[in-house]
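Asks: Fold the following, please.
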Amino acid sequence: MHSTVEVPHHQAGFWEQWRAFVGPAILVSVGYMDPGNWGTDLQGGAQFKYGLLWVVGLASLMAIFMQVIAAKLGVVAGKDLAQCCRDWYPNWTRWPNWLMSEVAIGACDLAEVLGSAVALNLLFHIPLLWAVIITGLDVLLLLALQSFGMRTIEAVVLLLIATIGVCYFIEIFVLPQTHPGFLEMGRALVSPHFRRSGMLYVAIGMIGATVMPHNLYLHSALVQSRQLQKDQLSVRRAIQFNTIDSVVALSIAFFVNAAILVLAATVFFGKESVTVAGGQVVKFSADSDWIRLAYLTLAPLLGTTAASTLFAVALLASGQSSTITGTLAGQVVMEGFMHWRIQPWVRRLITRTLAILPAVFIIGLRGDSSVTDLLTLSQVVLALQLPFAMFPLLHFTSSRKRMGTWKNGWFLLIAGWGSAILITAMDIYGLPDSLKAAWQVITGG
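Replies: Prediction:
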């Protein structure tokens, strides 16, 4: 992967440069539209209408800052974040740093497991518990997909997500029955609050789903797939185009996530049931598994059957694509922190096993109605681990000793450290609620 993509001379034209550098942020952004995001956005919209729309926007903005800084570290240092931590921090920090990174990757993979299982349930009506177990076979699917090449996989996934995005766009801006209140949305965006019980917990889950710790390790590694030159102008060009790549890819992810929340608010909030084509009445409550009902947000445009199929296929595709990036991230942190190299399928098998076990345990104990709770819990775990990736990243990129003249300027210093402190403060403030909710998920209380 290292230095496998040629880049033109720094004086080449914009589009020639863009074609060479575009890609790493797109791969990373796949994780920003994974089942974990869908789960938290759906829960937020269904329970609090537009009340957490500002969190989606803020989390996306903080994600852009962090990914830009991660890419910058990779370009300038020539190392990924895990390698920097290993080389520049005391030896005793390797094991705890690596283990916490693995917890984050496992939590992320739990979301992919649940998303894929829901998709299999919708497509083939397989009981959820068996669908979770079947997702263990995705090791074979991963090997098969890799034979087509990464670009093909990315294209298929982007096509599916784009299809859903177009459907959501039509529903929000064209169909009168799903027309949201734009004025109310605007007010919600500029008046942040946590007035209602449970909002903070879901908000932390949203942030964990958006600013993902493993993506900071991955992005700083992926940018090194380009044949980067070390002269000042080439480094400047590389930073500029990776910044453009990050801003564009993550802005698209923001619109997809915001659309999911808005349509969930429009279709589910304040209602106890919806009547779909054919007169069938689908009932729901505050405790419903929203991700299993999410296809109803597309039903006004496509009809129930087509909406269910399209949603399930896209959910399966997003889960699988996120699985691939999760596997890459797992390899990056294992090699970076520990200098251990194993076959990708072995790596995949270990991660997937660690993700399946809690899912089988909770669903076996509590039944099918626990999917959204598990999804949100996995994203909360990601949010709690995030400071352990953000602070080293900011520490290195704020240092003239490590980055030379490319250390963060005043804007990235304020934006980066401000984001890290805000997320950490929310984590600490919401920790009692998070632990209480986690215990309820486990015990079914």
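
Asks: pLDDT on whatever helix or strand residue 234 lives in, on average?
Replies: Assessed by DSSP states H and E, residue 234 sits inside helix 232-268. Helix 232-268 shows a mean pLDDT of 90.

Asks: buried residues in it?
Replies: Judged by neighbour count using 16 or more other Cβ atoms under 10 Å, the buried positions of helix 232-268 are 234-235, 237-239, 241-246, 248-250, 252-254, 256-268. Where C-beta positions appear, they are placed from N, C-alpha and C, glycine not excepted.

Asks: Ok, stretch 187-199 next?
Replies: 188, 194, 199.

Asks: pLDDT averaged over the one helix or strand residue 208 maps to - what is it?
Replies: Assessed by DSSP H and E, residue 208 sits inside helix 199-210. Mean per-residue pLDDT for helix 199-210: 81.

Asks: contact partners of whichever helix or strand comes after it?
Replies: Where DSSP H and E defines the elements, the next helix or strand beyond helix 199-210 is helix 213-222. With contacts defined as Cβ atoms under 8 Å, 6 or more residues apart in numbering, helix 213-222 is touched by 1, 23-25, 27-28, 31-32, 66-67, 70-71, 73-74, 79-82, 84, 101, 104-105, 108, 246, 325-326, 328-330, 332-333, 336, 382, 385-386, 388-390, 393.

Asks: Of those, just the buried ones, PyMOL syntax please.
Replies: Only the buried entries of the contacts of helix 213-222 go into this PyMOL selection, using 16+ other Cβ under 10 Å:
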select buried, resi 23+24+25+27+28+31+32+66+67+70+71+73+74+79+80+81+82+84+101+104+105+108+246+325+326+328+329+330+332+333+336+382+385+386+388+389+390+393
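
Asks: tell me the contacts of the closest residue in space to residue 71 that isn't next to it in sequence?
Replies: Excluding its sequence neighbours, the residue lying closest to residue 71 (Cβ to Cβ, 6 or more residues apart in numbering) is residue 242, at 4.0 Å. Residues counted as contacts of residue 242 (Cβ under 8 Å, 6+ apart) are 21, 24, 25, 68, 71, 72, 75, 223.

Asks: Nearest to residue 348, out of these: which one, please.
Replies: Using Cβ to Cβ, residue 24 is the member of the contacts of residue 242 that lies nearest residue 348, at 20.7 Å.

Asks: correct me, but that closest one touches residue 223?
Replies: Yes: between residue 24 and residue 223 a contact is recorded at 5.2 Å, counting by Cβ atoms under 8 Å.

Asks: what sits in contact with each of the two?
Replies: Common neighbours of residue 24 and residue 223 (Cβ under 8 Å, 6+ apart) are 71, 242.

Asks: Now do the strands in the protein.
Replies: Ranges of strands within the chain are 273-275, 281-283, based on DSSP state E.

Asks: In TSV: those strands, plus mean neighbour count.
Replies: Putting the strands of the chain into TSV (neighbours: other Cβ atoms under 10 Å) gives the following:
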stretch	mean neighbour count
strand 273-275	12
strand 281-283	11
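
Asks: so which of those comes closest to residue 348?
Replies: Per Cβ to Cβ, nearest to residue 348 of the strands of the chain: strand 281-283, 35.8 Å.

Asks: Can you give me the pLDDT of residue 55?
Replies: For residue 55, the model assigns a pLDDT of 92.

Asks: Revised request: answer the last question for residue 157.
Replies: Value listed for residue 157 in the pLDDT field: 63.

Asks: Touching, residue 25 and residue 252? I think so.
Replies: No: counting by Cβ under 8 Å, residue 252 is not a contact partner of residue 25; they are 10.1 Å apart.

Asks: tell me the helices in the stretch 51-200 of the chain, going along the chain?
Replies: Ranges of helices in the stretch 51-200 of the chain, per DSSP state H, counting those that start in this stretch, are 53-77, 81-88, 94-124, 128-134, 138-146, 150-173, 182-190, 199-210.

Asks: Out of the ones you listed, which gets the lowest mean score?
Replies: Sorting those by mean pLDDT places helix 138-146 lowest, at a mean of 65.

Asks: Could I have the CA atoms of stretch 354-368 written out in CSV?
Replies: Extracted in CSV, the C-alpha atoms of stretch 354-368 (Å, rounded to 0.1, in the frame of the first residue of the first chain):
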residue,chain,number,x,y,z
LEU,A,354,-14.9,-10.3,19.2
ALA,A,355,-17.8,-8.3,17.8
ILE,A,356,-20.2,-11.3,17.3
LEU,A,357,-19.8,-12.6,20.9
PRO,A,358,-21.5,-9.6,22.7
ALA,A,359,-24.1,-9.4,20.0
VAL,A,360,-25.0,-13.1,20.3
PHE,A,361,-25.0,-12.7,24.1
ILE,A,362,-27.3,-9.7,24.3
ILE,A,363,-29.7,-10.7,21.5
GLY,A,364,-29.8,-14.3,22.9
LEU,A,365,-30.6,-12.8,26.3
ARG,A,366,-32.9,-10.0,25.4
GLY,A,367,-34.3,-10.9,22.0
ASP,A,368,-34.5,-9.1,18.7
